[in-house]
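> next come a sequence and a model predicted from it.
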Amino acid sequence: MMNPISVLHIDLFQAGKNTSDFYFNTMKSHLVVGHRHIEKPHRHDFYAAVLFTKGTGVHEIDFQRYEVSEGSLFFLSPGQIHSWELSEDIDGYIVFCSQEFYEMHYVNQKLRNFPFFGSVSFPRKLQLDAHELEKNINLFQELGEEHQAKNVMKEGLILSLMSQIFINATRLFSKNFDTRASAAGLSYFKHYQEFENLIEQDFAKQKSITYYASLLGLSAKHLNRIVQTVVQKTATEVITERVVLEAKRMLMYLDESLVEIAFRLGYEEYSYFVRVFRKSSGMTPTQFMRKYKA
């Protein structure tokens, strides 16, 4: 029997607070409350931002290992699998919110519009320099103070501070992609997000670049150019990585045979599925399970 991966809800961390849409804590007290939930890989049904101000460790998100150090800022979307191993002296801030909490207030701003929440291929970690770290610490601290206080229009200020953290991070991320600053870059990024949204809906059935290109009204060649520019991968690699990520998640939390999982993901031939999985992740599904189910 496989152990299903637990999906953690905000309420679990709330300890009697009356809202289940928003959570804020320092890393020190969060780990006291929830440490046992963290060592095992688990999934959230909410959006999260985690800023480390002290300590070291490893944070694994969707089977990707990231180093943790002072100034590491992480973003997590619902459904992502994560776990971490952190040093004793770790500190920082952690904030969760539900989609409704944010989007009821901002009609035109969706959380998925932020690249680190909307794109599976996007890096999950931003390493801040001293100036940016100080700026973010101030925003997180103010967020914490507001969360504790009983001020008028409290929710509005909390949402505004979160938006500042997200917008600031988006700008820092896009500095790494000069193309996005230009008009062409922005249109490329928009097309790329549309491409990822389509993959999200259809990856189990459709794996051909031509299929997605035609839905977007683009040639396969142009779609490839867009994807290469935005994430330095081919369109086919992005499709395959999404399928393999789903395979990994299913291997972790479904009590089904490898053959059934391959079939669910649109592979009639199990041996072909194994080849694709190994090429993308450097190990076979069986090796992957040995590593993560231990």
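Right, received. Where do you want to start?

> need the strands for the stretch 1-150 of the chain, in chain order.
Across the stretch 1-150 of the chain, reading from the start of the chain, the strands by DSSP state E, counting those that start in this stretch fall at 7-8, 22-26, 42-44, 47-54, 57-61, 64-68, 72-76, 81-86, 91-97, 125-127.

> return the list of strands paired to the third one, each annotated with direction.
It refers to strand 42-44. The strands that strand 42-44 pairs with in its sheet are strand 7-8 (parallel), strand 81-86 (antiparallel) (by DSSP bridges).

> any weak-confidence spans in the stretch 101-250 of the chain?
Within the stretch 101-250 of the chain, the stretches falling below the threshold (pLDDT under 70) are 176-186.

> show me where it has its helices.
Defined through DSSP state H, counting those that start in this stretch, the helices belonging to the stretch 101-250 of the chain, from first to last, are 115-118, 130-148, 154-175, 183-202, 209-216, 220-231, 235-253.

> which of these sits most buried?
When these are scored by mean count of other C-beta atoms under 10 Å, the highest mean neighbour count falls to helix 115-118 (a mean of 21). For glycine as for every other residue, the C-beta is placed from the backbone atoms N, C-alpha and C.

> send me that one as PDB with only the CA atoms.
Once side chains and other backbone atoms are set aside, the C-alpha atoms of helix 115-118 remain, and they are given as PDB (Å, rounded to 0.1, in the frame of the first residue of the first chain):
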ATOM      1  CA  PRO A 115       4.800  33.900 -13.200                       C
ATOM      2  CA  PHE A 116       5.900  31.900 -10.200                       C
ATOM      3  CA  PHE A 117       2.300  30.900  -9.400                       C
ATOM      4  CA  GLY A 118       1.100  30.400 -12.900                       C
END
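
> for that helix, name the packing helices and strands.
Helices and strands touching helix 115-118, as assessed by 3 or more C-beta pairs under 8 Å, 6 or more residues apart in numbering; DSSP states H and E, comprise helix 154-175, helix 183-202.

> before we move on, the earlier item: ok, of the strands paired with strand 42-44, where does mean pLDDT dip lowest?
Lowest mean pLDDT within the strands paired with strand 42-44: strand 7-8, a mean of 58.

> related to what we said a few turns ago, including distance to Leu133, could the helices and strands packed on helix 115-118 go into CSV?
Formatted as CSV, the entries for the helices and strands packed on helix 115-118 read as follows, by distance: least, C-beta to C-beta, whole Å:
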stretch, distance to Leu133
helix 154-175, 11
helix 183-202, 26
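
> right, so of these, which gets closest to Gly144?
Comparison of the helices and strands packed on helix 115-118 against Gly144 by C-beta to C-beta identifies helix 154-175 as nearest, at 9.6 Å.

> which residues does the closest one contact?
Counting by C-beta atoms under 8 Å, 6 or more residues apart in numbering, the neighbours of helix 154-175 from elsewhere in the structure are 22, 49, 73, 75, 95, 97, 101-102, 105-106, 109, 111, 114-117, 122-123, 126, 128, 132, 135-136, 139-140, 142-143, 146-147, 151, 180-181.

> at 6 Å what do you get?
Residues lying outside helix 154-175 but in contact with it, judged by C-beta atoms under 6 Å, 6 or more residues apart in numbering, are His105, Phe114, Leu126, Leu139, Glu142, Leu143, Glu146, Arg180.

> ok, stretch 117-130 next?
Residues lying outside stretch 117-130 but in contact with it, judged by C-beta under 6 Å, 6+ apart, are 61, 66, 71-75, 77, 111-112, 115-116, 169, 172, 193, 196, 231, 238, 242.
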